[in-house]
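Trainee: I need the structure of the sequence given here:
(4 chains)
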Amino acid sequence: MRLKSARLIAWLAAAALVAAGCDNNPLPAEPPGKAYLHLSLGDDPTSLDPSGSLLPTIVDNLYPAYFSYDYLKRNPLRLNLELGAAWPKREPYRLPNGRMGERWSFRLRKGLRFQDDACFPGGKGREIVAADVVFGIKRLADPSISAPYFSYIENRVWGLAAFAEHNSERLKHGLGADFDKDVPGLRLDPKDRYAFQIILTEPFPELKYVMALRCCAPQAREAWNAYGPEIRRHPVGCGPYVLSEYRPKQRLLLTPNPNWTGPSYPSEGAPGDAEAGLLDDAGKPLPRNDGILYSILKENVSSWNQFLQGYQDAWSLNQANYQSVMTRPGQLSPDMKRRGIKLITAMIPNIVGFIFNMDDPTFGGLSLAKRKLRQAISLSIDRQEIIDLFVQGNALPAEFLVPPGIGGYDPSYRNPFSGPNLTKAQALLSEAGFPNGINSKTGERLVLHYDSGAQDSLGRQFVSLVSRQIGRLGIEVVQRSWRPVVMSDRQVRGQFQFIGFDWYADYPDPEMFLLMLYSPNKRPGMNRSNYRNPVVDRLFEKVRIMEDGPARAALIHRVRDIVVEDCPWVYLGHYRSVLISQPWLRDRKQPEVDADMTRYWAIDQPMRQRLVAEWNRPKLWPIGVVALFAGVGLAPVVVAARSRGRRSIRERGGR
Amino acid sequence: MLRYLVRRIFYAGPILLGVCLATFALFYLSVSPEQMARRNISAKNPTQAQIRDWLVARGYDKPLQEQFTRHARSLFLLDFGKSDSTGEPIAQRLRQGAVPSLIVGSGVLFGSVGASVILALFVAAFRGTYVDRWATVLCVAGMSVTVLVFIIAGQYLFGKLLVWFPLAGYQSGIGGLRFAVLPILVGVASALGANVRFYRTVILDEMGKDYVRTARAKGVSEPRVLFVHVLKNAAIPILTSFVLSLPFVVTGSLLLESFFGIPGIGSYMVDAIDGQDFAVVRAMVFLGTVLYLVGAVLTDVSYALVDPRVRLE
Amino acid sequence: MILADCLAGLVVAACALALIHMLRSPLWSRAVSGFRRRPGAMFAVAVLGLYSLVAIADSFVLPARAGQPPETILDKLFARPQERTYSAPLAERTSEATPQPLLGRHILGTDGLGNDVLYRTLKGVRTAFLIGGATTLLVLPLALIFGLLAGYFGRWVDDAVQYVYTVFDSIPNILLLIAIMFVLGQGLLQMCLALGLTSWIGLCRIVRGETLKLRERGYVTSARALGYGSGRIIVRHILPNLLPILIIYATLSFSRLVLAEVILSYLQVGVPEYVGSWGNMIDAARLELTREPVIWWNLASATVAIFLLVFSLNVISDELRDGIDPSLRGA
Amino acid sequence: MSVLEVVGLRTLLRVESAEAPVVDDVSFSISPGRTLGLVGESGCGKSMVAQSVMQLLPPPARIVAGEVMLEGRDLLGLRPAQMRDVRGRRMGMIFQNPMEALNPTLTVGYQIRESIFAHGRGVGRELRSRTLQMLREVEIEDAEGVAAKYPHELSGGMRQRVAIAMALANRPAALIADEPTTALDATVQAAILRLITRLQREMGLAVLLISHDLGVVNEAADDVAVMYLGQIVESGPVDDVLASPAHPYTQALFASRASGLSRTRRLATIEGVAPDAGSWPSGCRFHPRCACAQEICRTIAPGEVGEGSRRALCHFAKLGAGNAK
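Mentor: Here you go, the predicted structure:
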C-alpha cells in the first residue's frame, strides 16, 4: 500500500511534467497582437527614483528631462528639446555677495501630463508645470536618498547647499526633508506657470547637459506625499512608458504611456544612417514597440545562453562575452554571422587606465627620477594586447584622458610614453636608478604593489596579464586582491601604489575628465592619484567655465602636455560599448552617452517567431545516449534479479 | 514533552544572543560602516556629507554597544527592519523569497531523499553482487563531481539540447513550476551519490539485524521486510539528515538559486553579502539560527515518533 | 608565501607521521595490506602517489635566475611561451581566425588567455593538497581538544563547548565562511583558516560522543581507580581509540574541502589567480563554455583532476573503514 | 513418518574468495511430537543447519546439495515465493537473542499479527483475537496490555514468549529453536523450555532444538545429534547417548559438564580449539583434539557406524546397550 502511494506520486509528477509542457521559453505569455521587446537585467534596478538612480536603464523611459540627446546624430552629440519649449536664455547675474553668477531661464512645453496614478485626484495624471521640475531638483538635496548627481550642482545652484545642510540637520532629528523651504537659486515665474529660472553662483556652461539628466525630470509632489521613499519601487513619471508590472528579482514590464506626447522618430540622421535603414521609420510616433519586458537574471552565463536561444532581443556585451561573440578583434564569430546577429558599437566617453599614488615614496612625486620611473612602467604596458585579449579590440588605445567626441580630443596626438617600447622603458628605468629593475644603490629589486578589486576570473586574469607585462622590466609585481568594498576604501584613503582606474562621463564635456587632475579634487575626491601641479590647476580653472571651441582645446592641450610628462596615469584605452542585437530588431543605434534609448527600437515579430522556433528545435540524441547507458547499466541488474529467482533450482542442479 | 520544549526554548536564548554577537563582531571586523555607506550610495563618488547622512539615517553613527542592543532587541522581537541598501522592509522580501525557495528547496530535499531511499533499498537488495559494487563506485563518482559541473551539464542537456526546460528564470504561480524542475533535477542528481551511499550503509546495517531474520522466518515477503521493517528502523539516521537540512529548504540553496535565477532567500542572502547590507545579513543569520534550532527540536521530536525507545524529557 | 611553504611542510610531515603510525599498528597494516588485493584501492593509491609527486615538484623552488621570478620544478618543466589565444588539445594552431602557429605543444590545449591547460591543472594539485591538508591539520586539533575536553570532563566544560559549537553550527555555514574570509582577506592561507574554523564542528561532535562512550569503558575506569591523572588517561587510553575515526574523517574531510574550494571560487572568495587552483579554472571555464567554438577542455581537465583526487580519497577512506571495522562492511 | 527430514545437506560459506563447507553431509529426521536436540560447540555449524533448513542463510553462504523434506515436500526445490509461504506457516523458528530478534519499532501485537496476515490468514477482528489467543497460549496473562507494548518494554523471558507466539501463530508442523534459552536467566530458561515442551505436546510439533548446553537437551529433547565441524558425529535417543556416548567428542563434551550443570565450564576439558571453516583437518576431523586418536584417524575419514537408532562417526565407536548401562 505504501508502494501504491509511491507509484501514484510518481505518476502525478510525470503528469505535472507533461502539463508543464516541454518548452524552454522562459518568458511569460504576451497579450495577443503585442510584441514586447525582451531585454535582461543582471539585478533589480537599485532605484527607479530619478533622483536616486545612477543608471539610465528604465528610469530614462519613465522620466524624460528638459533636453534629450539626438538618437541618430553624432560627433558632436546634439541636444534636442524633450520637455522643453525653448532653449534656455543665459545671462549674467549679480549675486547678493557681489560675485558674478549666471541666470538660466527655462520654459516647459504646455500640455505635458504625468502618467495616470492613484496618487492624483481621480487617478488621472495632472498637467506638468515648472514647479514639478523645481521640486525634482530640490529632491536631490534630500540627504536620505544620497542623490548621485547632486555634487554637480550642489555648490553651483545658489542656496542649494544651504538647503541640503538644513535637511541634513533635520535628518539628525529623525525628520524628513523640508521641501517647502525656498531655494533662492530655483525661481518660479509667478506669471507663467511653465517657466522657471536657475541662478548659478558661477558660470557653468555644462548646465544644459545636467538638464538632460533624469535627475532633473519633473516629479509630482503628490507621488512623494503618497509613496515617500517607496517611490523607488513605484515610479510616477511622465515619459513614453509606464511601469505596469514589477516582480522583484523576476521581471519588469514597461508599457506605452497613453498620456505621453513627445517628439517622434527623427527624420534626419548622421551620414550612413539612411543607408543602414535607420531612417525608414522617420516621423513615426514613439515608442516604436508595444512594451519592454526585462527579465532579471543574475547569472550572466544563463542569461547569455537565453540570448543565444532568441529569448532576448539585444545584449550589451560585458567583458565576459566579448570572446563569445567575436573570434577576432572587431569581427563577429561565424556562428553569430550565420544567425544574422548585428553588431553595434559606440564610444561612450570614458577612460580606462591605471593610476599611481603620487604620495607614494617609491613611485609618487614629481622629481625627475620618479617621473622617469613612472614613464618606464607606462612604456612597458602593451595596450593593444590587453585590448585584443579582453575586449576583442573594442577599444581605442588611449593617449590621454580625453576621449574622442569630446572637446580637446586630438586624433593625431601620440603620447611619447605609450607602450609597448621596452628598450625605451629600460633606458628610462636605468636613468631613474633602477637598471633592470634593480636599485643601483642597494642592489634590491624594485617591487611594485598592484592592488585590485578583481573578484571574478576575468578580473584576475587581467591583473595577471598586466603584472606580466610590467614584470618584463625586471620589476617584481606583487598582486594584491581585495574585496571591492575594501578596494574602494583603500583607493579613497590612498593605500595603494598602482591600481586600475576607469571613469566615464555623465555628459560629453572635457571638464568631466580633467577634474581628475585638479588638486582640490584630491582624495576622497576624484583626483585619486593626488596629482598636484599648480600650473594644471590654474589651467583647469579656466577651462571649466569656458565654452567649447578652439581656445578651450588649446588650453586642454597644454594641460595634456604637462600631465603626460608627469605621468600620474597610464592610459589604456577608451572602451567602446558594444551591443549585439537579434536580426529581427530594427532601428538599433547605440547612444554615445549613458542614456536609455529603447523607445526607438522596433521588432519584426513574424521573423522573431520564425527564428526562435528554428533555433530551439530539440536534439534528441541525448535520449538515445541515456537510454543506451541505462540499458548497459541495467542489464546486469536484470540478469542478477533473474538468477536470484532461479538460485535454488540451479543449486540443486549442482548437487 | 512540555518540559522538553520549555527547556529547549530556554536554551535557545543564549545561543541566539551568541549568534547575534558573532554576526555583529564579524561584520564590523570585515567592513566599517563608512565602507558600507560608500558601497551602498549609488553615486560614483559620494561626498563626505552624503556618507555622513547615510550613516545617520541608518543609525550607524551611534556607539557600538547601543547599536548592538538595538539590533539584538529588534531581532528578538522578530522585527527585521529595513534593508540598508534598498530601504525595503526585509520581512516583505523574505515573504516574497520564501515561496520560490520553498518550491526548489523542498523539491530537492524530498526528491533526493525519496530517490536515494528507493535506490539505496534497491542496491541493498542486491548486496554482495556486482550491481551493489558498481552502484557504490557510481555513488563515490557522483560525490566526486562538483555541483557546478552538474549545473552546467544539466543546463546544457535539458535546456540547450532537449529544450525541455528554460535555462533559468522564474515566474510566480503554477506556470513557474516548470522553472523549478531543472534546478530540482540538478539538485537531486548532485545529492544522490552521497545520500545513496549513506542510506545503503544504514539499510545494510539494519538488514544484518536479527529482527530481519525473524521477520523472514515468519514468512514476511521481501518488499515488506524492506519497506516496513528495515525502513522503519533505518528511518532514524535518515530522519536526522533530513531534518537537519530542513532549514536550507527555507533559506534556499545558494548556488542553485543564483545560477538558475530563482528569486529565493538564498540568492537574497548572497546579494546582501555582496552589497554589504548588514541589516539583511543579520536578519538572515538570525532567521537561519532560529530555523536551525527549530530543526534540532524537530529532529528530536521525529526520533520520538519513529523510535518508541526514545522519550523526550 | 613563506607561511604557505611552512604549511606545505607541515602537511607532508603530518601525512608521513600518519603513514608511519598506520604501518606500525597491526590493525592498520592489515587494512593497508588488504589494498593489494583490490584493484580499486591500488588505483586510488597510485593516483594519490602521482598527485603527491606533482605537489612535491611544485613545492621545490629552484635557484632564481637574474631578473626572473623564482620557479618551482614544475614551472621549469612547463617553461613555455605564452600563446596569444586558445587552442584545442594537441592542436597545431591557435583558434584565431588567421591561425597562428603555436609556440609549443600543448597536450591539453590552452585556455582563453593562451595558458597551457595541463600546466594550470597540475598547478592546482599543490593548492588542493594545501587546502585539504592544512585545513584538516587545523580541524583535527581543534576538534580533538574541544571534543575530548567536553566528553571527558563533562559538566560545565561540556556545556561551554556545546554552546560554542551550537552557536557556530547554527550560523548558516556559507555565510560564516564568507564572513571569515572577509575578515581575514583573500589568500590560500586565509582560505584554509576560514574553512578550518567552519568545519571542525562535525568532528568535534563525533569526538565528544566517542569520548563519552570510552570514558565508561572498563580500562578507563580502572585507570582512574589506579589514580592516573586525567591527562595521562586521555592521551594513553582514549586518544589511541579515537585514531581510526580521526584518520577516516581526515581522509573524507580532505576530499570535501577540495570540492568546497570550487564553490568558494564561484562565490568570488577563492584564492588569487596566480596561486592556480581548480576552482578558479572551473570558474573561468563557465565563461569559456559560451564561446564559439566552445572551449571545453579547460573545464574538463579541472573536473577530471578533482574527480580523480576526490574519488581516490573516498575509495581509500572506504577501504580503511572496511579494513578496520568489519562490522561496517555490510552484511 | 517424519515431519522434517534432512538428507545429505551440504552448505558452503564464502570466506575471502574461497568457499568452504560449514555443513557437510548432515542428515536427520524428526517425527511429529518429537524433539531433536542438536548440540555442539559454537562454530560447529548448528545454526547453519537451522538456517539452511529455513533457507535464511546470509548471502556469503549457499546450499549446494541435499534434501530438506517438510511433510514430504522438498523445500530446496521451491521457488523463493513458495519457500516464503512455507516459512512461518508450516515451519516456525525462534532465535537465540530475544532482545534483538524483535523489531524495536513495531508493537508486539503488530508483529504477531503480521506473522498471521503475511500468509493471508484472517482479517480485522479475527486477526486481533487470534493474536491475543496466541499470547495467552504462551502463558502471557495480560495479553491485551502486552500486545500494545513495544519489545523494549518487556523482559527477556516475555520477549522469547512473544517470539514463540509469532513462530507458532500459524500452527506450523515444525519448529526450529536456535538456542532459545541461551540468553536468559536460569529460572526463565526452565520456564521457556517447559513452555516449548507443552506447546509441542499440544500441537504435535516436530522440534529441532539447537543448543550447546547438554542440560537443556537432556531436559527437553527426545533425540540428540552431536555436531562437530559441520558433521553429525553421533546421534540417537537422548537417554542412550547420555548414558553411553560412543564418540570421543561426545564423551569429552559430556565429561566437561559431568561436574554439574554449570554452563561456563562446558568444554573446559577438551584440549585445543575448534579450527575455522576452511581449515579442517583431514581424516577424522576430531583427531587433533582426540585423546585416543590413532594413525588411521589422521588419514581416513571414518564411516558411519549404526545400531538401531544410534549412529556414530568414529573408527572406534563403541555402540551397544551393554556399554550403556
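
Trainee: for the stretch 201-313 of chain B, what spans make up the helices?
Mentor: B:210-217, B:222-224, B:231-244, B:246-251, B:254-260, B:265-274, B:278-306 (DSSP state H, counting those that start in this stretch).

Trainee: any idea how far the helix or strand encompassing A:Asp451 is from the chain center?
Mentor: Secondary structure from DSSP states H and E places A:Asp451 in strand A:447-452. Put simply, strand A:447-452 sits 27 Å off its chain's centre (Cα atoms, centre = their mean, to the nearest Å).

Trainee: Which elements pack onto that strand?
Mentor: helix A:457-471, strand A:476-481, helix A:484-493, strand A:498-504 (3 or more Cβ pairs under 8 Å, 6 or more residues apart in numbering or on different chains; DSSP states H and E). Bear in mind the C-beta positions are built from the backbone N, C-alpha and C, glycine included.

Trainee: quick revisit: need the least confident one among the helices of the stretch 201-313 of chain B, by mean pLDDT.
Mentor: Mean pLDDT across the helices of the stretch 201-313 of chain B is lowest at helix B:246-251; the value there is a mean of 69.

Trainee: Helices along the stretch 151-300 of chain A, start to end?
Mentor: A:160-172, A:207-210, A:221-227, A:300-308.

Trainee: ok, the nearest residue to A:Leu79 once chain neighbours are set aside - contacts?
Mentor: Spatial nearest neighbour of A:Leu79, chain neighbours left out: A:Phe67 (4.4 Å); criterion: Cβ to Cβ, 6 or more residues apart in numbering or on different chains. Contact analysis of A:Phe67 by Cβ atoms under 8 Å, 6 or more residues apart in numbering or on different chains lists A:79-82, A:84, A:208-209, A:211-212.

Trainee: give me that answer again for 6 Å
Mentor: Shown in contact with A:Phe67 (Cβ atoms under 6 Å, 6 or more residues apart in numbering or on different chains): A:79, A:82, A:211-212.

Trainee: Mind picking the two most distant members of those?
Mentor: A:Glu82 and A:Met211 (9.7 Å; Cβ to Cβ).

Trainee: Please say which of those two ends up with more neighbours.
Mentor: Under the criterion of other Cβ atoms under 10 Å in any protein chain shown, the comparison of A:Glu82 against A:Met211 puts A:Met211 first, with 25 against 19.

Trainee: Grab the nearest non-local neighbour of the closest residue to chain D within the stretch 101-250 of chain A.
Mentor: At 44.5 Å from chain D, A:Lys249 is the closest residue in the stretch 101-250 of chain A, using Cβ to the nearest Cβ. If the residues on either side of it in the chain are set aside, A:Lys249 comes closest to B:Pro263, at 3.0 Å by Cβ to Cβ, 6+ apart.

Trainee: How about D:Arg159?
Mentor: D:Pro98 (3.7 Å).

Trainee: Same check on D:Lys46?
Mentor: D:Ile210 (4.7 Å).

Trainee: ok and the strand holding A:Asp451 relative to strand A:498-504, angle-wise?
Mentor: 40 degrees (axes from the mean of the first three to the mean of the last three Cα atoms, to 10 degrees).

Trainee: Strand A:447-452 pairs with which strands, and in what direction?
Mentor: strand A:476-481 (parallel), strand A:498-504 (parallel) (DSSP bridges).

Trainee: Export those as TSV, with columns for mean neighbour count and mean pLDDT.
Mentor: Output for the strands paired with strand A:447-452, formatted as TSV (neighbours: other Cβ atoms under 10 Å in any protein chain shown; pLDDT from 0 to 100):
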stretch	mean neighbour count	mean pLDDT
strand A:476-481	18	86
strand A:498-504	19	93
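
Trainee: Which one of these lies nearest to A:Gly52?
Mentor: strand A:498-504 (19.1 Å).

Trainee: Mind listing what's buried along the strand holding A:Asp451?
Mentor: A:448-452 (16 or more other Cβ atoms under 10 Å in any protein chain shown).

Trainee: Please dump the residues you listed into JSON lines; it should also carry pLDDT and distance to A:Lys110 for every row.
Mentor: What follows is those, written out as JSON lines (pLDDT from 0 to 100; distance: Cβ to Cβ, whole Å):
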{"residue": "A:Leu448", "pLDDT": "93", "distance to A:Lys110": "62"}
{"residue": "A:His449", "pLDDT": "93", "distance to A:Lys110": "60"}
{"residue": "A:Tyr450", "pLDDT": "93", "distance to A:Lys110": "58"}
{"residue": "A:Asp451", "pLDDT": "92", "distance to A:Lys110": "55"}
{"residue": "A:Ser452", "pLDDT": "90", "distance to A:Lys110": "53"}
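
Trainee: can you map out the helices along the stretch 201-331 of chain C?
Mentor: Going by DSSP H, counting those that start in this stretch, the stretch 201-331 of chain C shows helices at C:201-215, C:218-225, C:230-233, C:239-266, C:278-288, C:297-324.

Trainee: Would you mind finding the most buried of the ones you listed?
Mentor: helix C:278-288 (a mean of 26; mean count of other Cβ atoms under 10 Å in any protein chain shown).

Trainee: Against chain B, how distant is C:Arg155?
Mentor: 16 Å (Cβ to the nearest Cβ, to the nearest Å).

Trainee: How many residues are close by that residue?
Mentor: If you count neighbours by other Cβ under 10 Å, C:Arg155 ends up with 8.

Trainee: for A:Asn394, same thing?
Mentor: Using other Cβ under 10 Å, A:Asn394 has 22 other residues around it.

Trainee: before we move on, the earlier item: which residues touch the residue nearest to D:Arg159?
Mentor: Neighbours of D:Pro98 in contact, by Cβ under 6 Å, 6+ apart: D:156, D:159-160, D:163.

Trainee: most surrounded residue in these?
Mentor: D:Gln160 (31 neighbours).

Trainee: Surely that residue touches D:Leu193?
Mentor: No - with contact defined as Cβ atoms under 6 Å, D:Gln160 does not reach D:Leu193; the gap is 10.5 Å.

Trainee: what's near enough to touch the closest residue to chain A within the stretch 151-300 of chain B?
Mentor: Nearest residue of the stretch 151-300 of chain B to chain A: B:Pro263, at 3.0 Å (Cβ to the nearest Cβ). Applying Cβ under 6 Å, 6+ apart, we find B:Pro263 in contact with A:249-250, B:100, B:170.
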